[in-house]
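# Below: sequence and its predicted model.
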Amino acid sequence: MSASSVNRRRILSLWLPRLPIDRIQRFFNSAGLGKTNNEPSIVVIKDNNALVIHALDEAAERLGLYIGQPLANARAMCPDLKVFDADVAADAKTLSDIADWCDRFTPLVALDPPHGLFLDITGCAHLFGGEAALLQALVRALGRQGFAVSAAIAGTSVCARTLTRQATGTIVADGEEARAISRFPVSALGADEAITTGLRRAGLKTIGDVAARSPSEITARFGARFSTLLAHALGQGDAPINPRKPLPDYIVEKRFAEPIATDTMIAMTLSRLTDTLIASMEKQGKGARRLEAAFFRTDGVVRAIMVETGRPVTRSAVIDRLFRERLDALADPLDPGFGFDMVRLSASRTEIVVQEQRDLDAHVHDNDELAALIDRIAARIGGKRVVVHLPEDTHIPECAVMAAPAQHHLAAAMQAEWPARTESEPPLRPLRLFDKPEPIKVPFAAVPDGPPHQFTWRRALHAVVRVEGPERIAMEWWRQDGKQLTRDYFRIEDAEGLRFWIFRDGLYEGEVFDGDGEPASPGWYVHGLFA
């Protein structure tokens, strides 16, 4: 197969050169405090203990101001300049929101910090009328949202990124990358300033001048990293982009010529998408474990709702019910604004469905109902709040049980083996075990290993009438680094009939000493209550 017949990747690069100032302007416009078009504004950031221009609007650019210019010089040129402080975190959040919105075109969206994005549109441009139509639609939509944007399409991310800085709107055919960027200055490659300066001093002012030299010469003079960057810009191989989100196993979506806003239409759309998704998975014998519904608003806001299941789901009715539970329980209700123009349903985690005999096996049927109940509760209150308890192989009381999400550990919990209680013997462990042992005051005890005769807990005095113990539990020295002391546990019954599980923390004359190195009284704690 020839190289020309290989289906190369197609990368769309987005650059928002005025993102910081556009974000601020959008905020003022939403608050009804928009400025006039001839009012120059800039965003400044501290660089080497001096304030310099970080971003500027078109009016400020017409005055001759530029990025990196000291604020004092800019004020001298324009005393009426409006100045805003940079907020890098807010800019990054805005870029991330734009990336979410770009998911409507392709699920493979990567960040190109600080103000750019990469979209892998390989094989999906025809859905939008071709690459030119896709690029124009994207630029127009972001423009309506108040962003200045530059975009270009090429076979490599480096070439597309270079074109966005030099020739916005360019679409380079596969294999034409070198010719498309040869006339641009070497600074357009985005290499280090030291390398760019070195190239100029060597008389290599354009990318074409550098490309005319042998790769070995460029590598020897400017390093392998720059040589690789140049090769990628010329279309000679490319490093893959790093998408923000992993590609889901299955995706179905519905676009609307007229945005939808009612709960009925949203529910109907989700139901139809669910049927399509289930049909696609059924062909390959798979069921969904994690699903996400994404709602794309006309103003660019994207809202994503996720549900998880304990077992692979293969029925549309189950998925519909889970999403209804999730939507009804949202603390921040789904706001359609001016409507959703696209709804997407994706299965980001799927598993092969194991066929079981369900008609005659009542145990399997009961398990299905329990798993479905857990899924519904988890959809409403969160999966981390529905837990099962699993035994742990340790003799430390507070570590003998592990709480795990029920959706992912239900089968393990049902098969778990717990220590059996000895017949005709009282329980060795209390019915209620405290998360943290609570300290008690013991005025005196039988030395060295005896129980207390009385103790004070929660400001109440308890007289000891019956005692069982001690049960000595040594801490796991290989995990605790010697910080935990040996415990002697006692089952205590007081005069009122209450039964406690208490322990002495440390061995007298063996582990507990005062500041002078003399033996000290160990501490006493109550760790649980018996029935």
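Looks like it arrived, so ask away. Numbers count the residues shown, from 1 in each chain.

# Any idea how many residues pack against the nearest residue to T394 once chain neighbours are set aside?
Once flanking residues are discounted, T394 sits nearest to A400: 5.8 Å by Cβ to Cβ, 6 or more residues apart in numbering. Heads up, the C-betas are built off the backbone N, CA and C, glycines and all. Using other Cβ atoms under 10 Å, A400 has 16 other residues around it.

# swap in A403?
Neighbours of A403 using other Cβ under 10 Å come to 11.

# quick one on the thing from earlier: which ones are touching the residue nearest to T394?
Residues in contact with A400 (Cβ atoms under 8 Å, 6 or more residues apart in numbering) are P391, E392, T394.

# Just these: which are in strands?
P391 (DSSP state E).

# of the contacts of A400, closest to R459?
T394 (33.4 Å; Cβ to Cβ).

# isn't the closest one right up against M475?
No. Between T394 and M475 there is no contact under Cβ atoms under 8 Å: 10.2 Å.

# where in this protein is pLDDT low?
For the chain, applying pLDDT under 70 flags the ranges 1-7, 32-38, 355-366, 445-448, 479-483, 509-510, 513-517, 519.

# All the helices of the stretch 1-150 of the chain, residue numbers only.
19-30, 58-62, 71-77, 88-102, 131-144 (DSSP state H, counting those that start in this stretch).

# For R385, which non-adjacent residue is spatially closest?
Per Cβ to Cβ, 6+ apart, closest to R385 is A378, 7.6 Å.

# so which of the helices of the stretch 1-150 of the chain gets nearest H409?
Per Cβ to Cβ, nearest to H409 of these: helix 88-102, 31.6 Å.

# got the CA coordinates for that closest one in CSV?
Output of helix 88-102 as CSV, limited to C-alpha atoms (Å, rounded to 0.1, in the frame of the first residue of the first chain):
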residue,chain,number,x,y,z
VAL,A,88,-5.2,32.4,34.8
ALA,A,89,-7.4,29.9,36.6
ALA,A,90,-10.6,31.5,35.2
ASP,A,91,-9.1,31.5,31.7
ALA,A,92,-8.3,27.8,32.0
LYS,A,93,-11.8,27.2,33.1
THR,A,94,-13.2,29.1,30.2
LEU,A,95,-11.0,27.1,27.8
SER,A,96,-12.2,23.9,29.3
ASP,A,97,-15.8,25.0,28.9
ILE,A,98,-15.1,25.7,25.2
ALA,A,99,-13.5,22.3,24.9
ASP,A,100,-16.7,20.7,26.3
TRP,A,101,-18.7,22.6,23.7
CYS,A,102,-16.4,21.4,20.9
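
# Specify the angle between it and helix 131-144 in degrees.
Helix 88-102 and helix 131-144 are oriented at 140 degrees to each other (axes from the mean of the first three to the mean of the last three Cα atoms, to 10 degrees).

# please renumber so the chain begins at 352
Noted, 352 is the first residue going forward, which turns the last one into helix 439-453.

# Now do helix 439-453: everything it contacts.
Counting by Cβ under 8 Å, 6+ apart, 365, 367, 370-371, 374, 396, 460, 462, 464-466, 468, 470, 489, 493, 498, 595, 647, 651-653, 655 sit against helix 439-453.

# Could you give the number of residues near Y876?
Applying other Cβ under 10 Å, I find that Y876 has 20 neighbouring residues.

# Over to D436?
Neighbours of D436 using other Cβ under 10 Å come to 12.

# my read: it touches V394, true?
Yes. Taking Cβ under 8 Å as the definition, D436 is a contact partner of V394 at 7.3 Å.

# before we move on, back to that, now render the contacts of A751 as JSON lines, adding neighbour count.
Converted to JSON lines, the contacts of A751 look like this (neighbours: other Cβ atoms under 10 Å):
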{"residue": "P742", "neighbour count": "13"}
{"residue": "E743", "neighbour count": "11"}
{"residue": "T745", "neighbour count": "13"}
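
# JSON lines for the contacts of A751, including distance to V561?
Shown next, in JSON lines, are the contacts of A751 (distance: Cβ to Cβ, whole Å):
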{"residue": "P742", "distance to V561": "66"}
{"residue": "E743", "distance to V561": "62"}
{"residue": "T745", "distance to V561": "64"}
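
# and of the contacts of A751, the nearest to C475?
Of the contacts of A751, the one sitting nearest to C475 (Cβ to Cβ) turns out to be E743, at 48.3 Å.

# Just confirm that closest one contacts M753, I think it does.
Yes. Taking contacts as Cβ under 8 Å, E743 lies within contact range of M753: 5.2 Å.

# How far does stretch 739-758 sit from its chain's centre?
Remark: stretch 739-758 is offset 27 Å from the chain centroid, using Cα atoms, centre = their mean, to the nearest Å.

# about what we covered before: tell me the buried residues within the contacts of helix 439-453.
Buried subset of the contacts of helix 439-453 (neighbour count, 16 or more other Cβ atoms under 10 Å): 365, 367, 370-371, 374, 396, 460, 462, 466, 468, 470, 489, 493, 498, 595, 647, 651-653.

# May I have the helix or strand hosting V603 exported as CSV, CA atoms only?
Using DSSP states H and E, V603 maps to strand 601-611. Below are the C-alpha coordinates for strand 601-611, written out as CSV (Å, rounded to 0.1, in the frame of the first residue of the first chain):
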residue,chain,number,x,y,z
TYR,A,601,-20.5,3.7,22.1
ILE,A,602,-21.9,7.1,21.2
VAL,A,603,-25.3,8.1,19.9
GLU,A,604,-26.6,11.6,19.5
LYS,A,605,-29.5,13.7,18.2
ARG,A,606,-29.3,17.1,16.7
PHE,A,607,-32.2,19.5,16.5
ALA,A,608,-33.0,22.2,13.9
GLU,A,609,-35.2,23.8,16.6
PRO,A,610,-33.8,23.6,20.1
ILE,A,611,-35.8,21.7,22.7
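
# buried set for it?
Y601, I602, V603, E604, K605, P610, I611.

# out of those, who's nearest G638?
Nearest to G638 among these, with distances taken as Cβ to Cβ, is Y601, at 10.9 Å.

# The closest one against A630, yeah?
No. Here Y601 does not reach A630: they are 10.2 Å apart, not a contact under Cβ under 8 Å.

# What is the neighbour count of the closest residue to K735 other than its chain neighbours?
Excluding the flanking residues, the one nearest K735 by Cβ to Cβ, 6+ apart is P756, at 6.1 Å. Using other Cβ under 10 Å, P756 has 18 other residues around it.

# and the gap between A767 and Q758?
16 Å (Cβ to Cβ, to the nearest Å).

# okay, now the closest residue to F498 other than its chain neighbours: neighbour count?
With sequence-adjacent residues excluded and distances taken as Cβ to Cβ, 6+ apart, F498 is closest to D373, at 4.9 Å. Residues contacting D373 under the criterion other Cβ under 10 Å number 23.

# where does D373 sit relative to A668, distance-wise?
Counting by Cβ to Cβ, the gap from D373 to A668 is 45 Å.

# if we can go back for a sec, would you mind giving the helices of the stretch 352-501 of the chain as a markdown table with distance to V737 added?
Converted to a markdown table, the helices of the stretch 352-501 of the chain look like this (distance: least, Cβ to Cβ, whole Å):
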| stretch | distance to V737 |
| --- | --- |
| helix 370-381 | 39 |
| helix 409-413 | 54 |
| helix 422-428 | 55 |
| helix 439-453 | 28 |
| helix 482-495 | 40 |
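
# Of those helices, give the one that comes closest to N400.
Using Cβ to Cβ, these put helix 422-428 closest to N400, at 12.3 Å.

# hang on, the earlier thing: and the buried residues of strand 601-611, which is closest to R809?
When the buried residues of strand 601-611 are compared against R809 (criterion: Cβ to Cβ), the nearest one is Y601, at 56.1 Å.

# Geometrically speaking, which residue is the centre of the protein?
K596 (8.6 Å; Cα atoms, centre = their mean).

# Run the chain-centre distance for the host helix or strand of R572.
Using DSSP H and E, R572 maps to helix 566-573. Its chain's average C-alpha position is 40 Å from that of helix 566-573, according to Cα atoms, centre = their mean.
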